[in-house]
Every structure is written in C-alpha cells, then in structure tokens.
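Enquirer: quick one: sequence plus predicted model below, questions after.
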Amino acid sequence: MRDRPATAVPLLRQLETIVGTRWIVTDDEALAPWCTDWRGRHSGVPMAMVAPADEGEVQQVMRCCASAAVPVVTQGGNTGLVGGAICDGSGTQLLLSLRRLNTIRVDNETRTLLCGAGAVLEAVHAAAEREGLRFPLSLASKGSATIGGLASTNAGGTQVLRHGTMRSLVTGVHAVLADGNLLVADTGLRKDNRGFDLKQLFIGSEGTLGIITAVRLVLRPAAVARHTAWLGVDSPEQALSVLTRLQARLPDQVEAFELMPEVCVGNVVRYLAERQPPLQGDHPWHVLVEVVDEGRLLTGEALANEVEAALGALLKTGMIRDAVLAASGAQAAAFWRLRESLSAAEKAAGPALQHDIAVQPDQMPAVIRDLAKEVPAAFPGYSTRAFGHLGDGNIHLHVVPPPEAGPGWQSGVGRKISQFVYDAIVARGGTISAEHGIGAEKRELLARTADPVMLGVMRSVKQALDPDELLNPGKLVPLAPEQARP
Ligand SMILES: Cc1cc2nc3c(=O)[nH]c(=O)nc-3n(C[C@H](O)[C@H](O)[C@H](O)COP(=O)(O)OP(=O)(O)OC[C@H]3O[C@@H](n4cnc5c(N)ncnc54)[C@H](O)[C@@H]3O)c2cc1C
C-alpha cells in the first residue's frame, strides 16, 4: 500500500463513512484499471477511487473534498479518448466513479428516459427498446460508455447525421456543483425562457464545471425496419455525392453514413478473423449506410423499394462500384460489427497518431485528399488513413509511421505532424476536436488555436463555477497566458 499525505487520511475516513468500505478503493492493484485510458496514452495515480451510490452521496463526497481542498476527477466508463477521466500523477486527486448511479426509467408519456449518469449506453438502448422506443445515439464504445460521460463530452457517434449529438438529445441534467449543491435543470417544459440554458453548460464540459448525476434523454419511435448497405466507391468525393443523392430521395431517413478506406477494412476483417469482407474485390473506399424506418415518412415496402431503387440507380450510373444490401438483421449486425471494431483493429495494427477533426461536410473530401498528399510530402514515409462520419464532416485521421520509425517518434516528429494536420484544419475553418473533446490531451492545442475571446469566456465560466479548481483540474479549460508562462 502506497503512503498517502497525512491530510488524506481523515478525508478517506470521512468518505468511507459516506459510501461504505466496499466502495472506496485505495489499493494500487485494484485501482489499476481506472488509472489508464483506453488508448494507453494517459496514466495517473489517484489518491483513491470512490463510488457513491446516489446523488445524495455524490453531494456529500463533493462537500468533503471541497472542505479538504482535494480535487475530484469524475469517471464514467473510461472510454474517453483525450485523457479527460484520468487523474494526474500527484496522488492528490480523488477519482470519483459514477458507475453505481445506473438507474433507468422510461417515461412513455413524454417519450423521455431519465437515468443515472452511470447508466451504460447499451443498457439505455435496451430499456428504451423494451418500451417500443429507442435512443438514437450509438458508438463503438456503447458497452462501457456511460450517459454521464457521453453528456460530458457531447458525444456524437454514427447517427448524428439524423439525430444530432448529445446536445440535441438531452432535455434535462442534474449536476452536483463544486460546493456540493445540486443543480436540477430538468423542467420538462417545452418553453422556458428564464435566461441561460444551464443544462447545455454542463454538456461538453468534461467534468470541469460540475458532476452530472442524472440525465433526461429524448427518445424516438422504435425502428420498424432498418435498411443497411455496404457500398464500394472510388473516392470520398464520390461517397459524399452518393449521400447527397440518397438524402434527396429519402429526406430525413438516412441515419448513418460511415466512410472507411480499403486498408482499414482489410485490417478489421483480419482483426475479427472474418472469412471475407462484405464486398468482393478491392474498392478504394467503403461506405456503411443505414436508412431507418420509424413507421412515418416513407415506410414499409415503399421505403424498402425506394432504397433498392436508389442503390440500383447509383450502381447504374457508376457512382457506386458495388453494393450489398443486408438481407437480414444478422447481416446488418455483421456490417456494424466491422465498422464498430475499426478503432480497435487500428489500435491492434500498431501505433498511429489520431486526429478527431471536422470541417464543413462539403470540404471534407478535399481535406482527406490534400492531407493524404501533404503529410507524406512534408514527412516522408508517413501516411494517412481517414475513416468515420463523413456526413457530419467529421473523420478520424490516423497518421501511420514507416516501419523504420524509431521509438519515441510520436513525441518527436509525431508532434510536428499533428501540428501540421491541426493547422491545416484550422486554416479551413474546421475544429481540432469534433466529438472526443479536449481533455488533458488537447488543452494546449485549444489554447494555441482558439479565439482568445472564446478562451477568456471559458475561463470566466470556470472561475465562476469552480473558483478553487476542484473539478477535473488540468482538463479542457486552458490556463490564462500569465499562468501558462514558466
Ligand atoms: C472504440 C471507441 C469508439 C468511440 N467512438 C466514439 C464516437 O463514435 N463518437 C464519440 O463521440 N466518441 C467516441 N468514443 C469516445 C468515448 O466513448 C466518448 O467520449 C464517451 O462519451 C465517454 O464516455 P465514458 O462514460 O467512458 O466517459 P469517461 O471516459 O469516463 O469520461 C470522459 C470525460 O467525461 C467526464 N465525465 C464522465 N462522467 C461524468 C459525469 N457524470 N459528470 C461530469 N463529468 C463526467 C470525465 O471527467 C472525462 O472528462 C469512442 C471510444 C472508444 C474507446
């Protein structure tokens, strides 16, 4: 057992009386799974991990931490990709796990779902489906990511095209503030014009303004049917034209449109030990597209026929090279398994630099094409792979090193490459973080690239809500220039 500062001992005793011995972890081996992020890039040393049972216990924990001046790092499923849920290495921060706050209640009247922040996305999907409804946000980490984490990072995923990010799917938030008070921004009112929309302040705030304890989500009608197709196309330009045509024929019904290059499809097929990819032969780019029948707009056989006709017309005109429409739910699930395993397959394929970037959707094909040329031209041997949510103008751009790249390339030339990529995106009016957030990883980058007025407002909000820097310090909100100086 590691020695802890003398000041930690009375706090840990207090916390133990709040949550019970079982729910406070101080042993380093037991803490290990919660100390490193999914990509293995960020590691920390928490003073301890505490897992309260409910909102009241979160308030008590926060009050104790505030009076002991101990910072709190909130963690949900620890699937975040920017090091936001990881403590620093000082051993002085408390890791607060919200996983026990996992109640889920569906309200059929209002078509909403109120859940604890620790409810796992997959469990939320299942609860909504049991009531003949659905929560239309999904991502590959759905088996672990929590609703609190999703709200705190304003997560996106594969259905943003039709339903938006968490910002458009949350109607209420409960949050424990730095002083332990509980803010309930969940009125259920369709109209409420009493000033700021405070729930939106907490969405995307990455645990730096408050601890989200409960969230009310908007539900949609259950899917009557899904039409899922795998397409082969020549280029991202062509993929985008395909999307435009599909959206014109099926207004408000195309729900997912995911772009993948051949090399990533090959990697994921090998990673999953699949017998073969969905399409025969090689295609430079692949697209997974899904049209969902909610029993309104075009529905039933009419929708099925329209999807087939639309794909047939695209094949005939040569806009798509090949296509396969899933013949069963199992085949559609197999297509999705490939897409959702892409990040894990890329991780297994070897180290790479990841960039979660977005520009206006119509500009993304040019960005993909330009960076595929410009990165190797500036950094010989390095190549790019772009995959993801083309319809949202958001792709994950991985830069892969040549085999001869020595150890430490990521912190050496890798930093310059990332700077090159981000500068190119900012120059095109895009964003350095489309859906993963800022966390610890991109805080300096945000400071370097964002409008100083915007940064000033962010700092003022942080200062107003968390003057003593108790909530996830070192994440998201950049230091003021005078603090940043050595
Ligand atoms: C394979 C894979 C695929 C992914 N795909 C996508 C994708 O398509 N789209 C996308 O947007 N993201 C994606 N992600 C990223 C990740 O799943 C999301 O960021 C998710 O929202 C994190 O949820 P979590 O519960 O794991 O949060 P954590 O990782 O535990 O925390 C993330 C951040 O939120 C804060 N936080 C967590 N819970 C709370 C709370 N209750 N109150 C206040 N702050 C809190 C943490 O302090 C941290 O800053 C992917 C991740 C993986 C591993």
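Expert: That came through, no problem.
Enquirer: for the ligand, what are the nearby residues on this structure?
Expert: The interface of the chain toward the ligand, taken as CB under 6 Å from any ligand atom, is made up of 38, 73-81, 84-85, 98, 117, 139-141, 144-146, 148-150, 152-153, 155-157, 206-207, 211-212, 343-344, 435-436, 439, 472, 475. To be clear about C-beta, it is placed using only N, CA and C from the backbone, and glycine gets the same treatment.
Enquirer: give me the subset of the residues you listed lying in strands.
Expert: Using DSSP state E, the subset of those located in strands is Val73, Thr74, Gln75, Ile211, Ile212.
Enquirer: select the longest helix from this structure.
Expert: With secondary structure taken from DSSP state H, the chain has its longest helix at helix 300-316.
Enquirer: now do the contacts for the residue in the stretch 251-400 of the chain that the ligand sits nearest to.
Expert: Closest approach of the stretch 251-400 of the chain to the ligand (CB to the nearest ligand atom) occurs at Ser343, with a separation of 4.1 Å. Ser343 makes contact with Ala140, His396 under the criterion CB atoms under 8 Å, 6 or more residues apart in numbering.
Enquirer: if we go to 7 Å?
Expert: Contacts for Ser343 (CB atoms under 7 Å, 6 or more residues apart in numbering) come out as Ala140.
Enquirer: what of Gly84?
Expert: Applying CB under 7 Å, 6+ apart, we find Gly84 in contact with Glu206, Gly207, Gly437, Gly439, Ala440, Lys475.
Enquirer: surely the last one meets Lys442?
Expert: No: taking CB atoms under 7 Å as the contact criterion, Lys475 and Lys442 are not neighbours in contact, 9.8 Å apart.
Enquirer: re the thing from before, out of the residues of the chain next to the ligand, which end up buried?
Expert: Using 16 or more other CB atoms under 10 Å as the burial test, these include 38, 73-81, 84-85, 98, 117, 139-141, 145-146, 148-150, 152-153, 155-157, 206-207, 211-212, 343-344, 435-436, 439, 472, 475 as buried.
Enquirer: okay, helices next: where are they in the stretch 201-350 of the chain?
Expert: For the stretch 201-350 of the chain, the helices defined by DSSP state H, counting those that start in this stretch occupy 236-249, 262-271, 300-316, 329-340, 342-349.
Enquirer: number of residues surrounding the closest residue to Arg369 other than its chain neighbours?
Expert: Using CB to CB, 6 or more residues apart in numbering and skipping the chain neighbours, the partner closest in space to Arg369 is Pro236 (7.0 Å). For Pro236, the neighbour count with other CB atoms under 10 Å is 23.
Enquirer: report the separation between Pro236 and the ligand.
Expert: Distance of Pro236 to the ligand, computed by CB to the nearest ligand atom, to the nearest Å: 18 Å.
Enquirer: backbone phi and psi for Ile24, please?
Expert: Its backbone dihedrals place Ile24 at phi -130, psi 120, with angles given as degrees, to the nearest 10.
Enquirer: who touches it in this structure?
Expert: The contact partners of Ile24, by CB under 7 Å, 6+ apart, come to Leu12, Leu15, Glu16, Ala48, Val50.
Enquirer: bridged to it, which residues?
Expert: Val50 (DSSP bridges).
Enquirer: quick one: pLDDT of it?
Expert: At Ile24, the model reports a pLDDT of 97.
Enquirer: can you pick out the most distant pair from the contacts of Gly84?
Expert: Maximum pairwise distance in the contacts of Gly84, criterion CB to CB, is 11.5 Å, between Gly207 and Ala440.
Enquirer: low-confidence ranges, the stretch 351-486 of the chain, go.
Expert: Applying pLDDT under 70 to the predicted model, the residue ranges of the stretch 351-486 of the chain that meet it are 484-486.
Enquirer: wait, doesn't Ala358 sit right on Ser433?
Expert: No: here Ala358 lies out of contact with Ser433, judged by CB under 7 Å, at a distance of 8.3 Å.
Enquirer: the more surrounded of these two?
Expert: Remark: of Ala358 and Ser433, Ser433 carries more neighbours, 25 against 22, as counted by other CB under 10 Å.
Enquirer: separation between the more buried one and Glu29?
Expert: 34 Å (CB to CB, to the nearest Å).
Enquirer: before we move on, what about Glu258?
Expert: The span separating Glu258 from Glu29 equals 39 Å under the rule CB to CB.
Enquirer: which of these two has more neighbours?
Expert: Of the pair Glu258 and Glu29, Glu258 is the one with more neighbours under other CB under 10 Å, namely 25 against 8.
Enquirer: now do stretch 14-29: distance to the chain's middle.
Expert: Centroid displacement of stretch 14-29 relative to its chain, using CA atoms, centre = their mean, to the nearest Å, is 29 Å.
Enquirer: ok, the residue positioned nearest the centre of the chain - contacts?
Expert: For the chain, the residue whose C-alpha lies nearest the mean C-alpha position (CA atoms, centre = their mean) is Ala155; its distance is 4.0 Å. Neighbour list for Ala155: Leu137, Leu139, Thr165, Met166, Glu435 [criterion: CB under 7 Å, 6+ apart].
Enquirer: state the pLDDT value of the closest residue to the third one other than its chain neighbours.
Expert: Same thing as Thr165. Of all residues not flanking Thr165 in the chain, Gly156 sits nearest, at 4.7 Å (CB to CB, 6+ apart). Gly156 is assigned a predicted lDDT (pLDDT) of 96.
Enquirer: pretty sure His398 contacts Tyr382?
Expert: No: counting by CB under 7 Å, His398 does not reach Tyr382; the two are 10.5 Å apart.
Enquirer: closest to Thr21 out of the ones in strands among the residues of the chain next to the ligand?
Expert: Looking at these and their distance to Thr21, the nearest is Gln75, at 20.0 Å (CB to CB).
Enquirer: could you say which helix or strand holds Arg194?
Expert: Arg194 belongs to no helix or strand when elements are defined using DSSP states H and E.
Enquirer: next, count neighbours for Val289.
Expert: Using other CB under 10 Å, Val289 is surrounded by 28 other residues.
Enquirer: tell me who's in contact with it.
Expert: Taking CB under 7 Å, 6+ apart as the criterion, Val289 is in contact with Ala229, Leu231, Leu246, Val254, Ala256, Phe257.
Enquirer: between the longest helix of the chain and helix 236-249, how big is the angle?
Expert: Between helix 300-316 and helix 236-249, the angle comes out at 150 degrees (axes from the mean of the first three to the mean of the last three CA atoms, to 10 degrees).
Enquirer: for helix 300-316, name the packing helices and strands.
Expert: Counting contacts by 3 or more CB pairs under 7 Å, 6 or more residues apart in numbering; DSSP states H and E, helix 300-316 is packed against strand 225-233, helix 236-249, strand 322-325.
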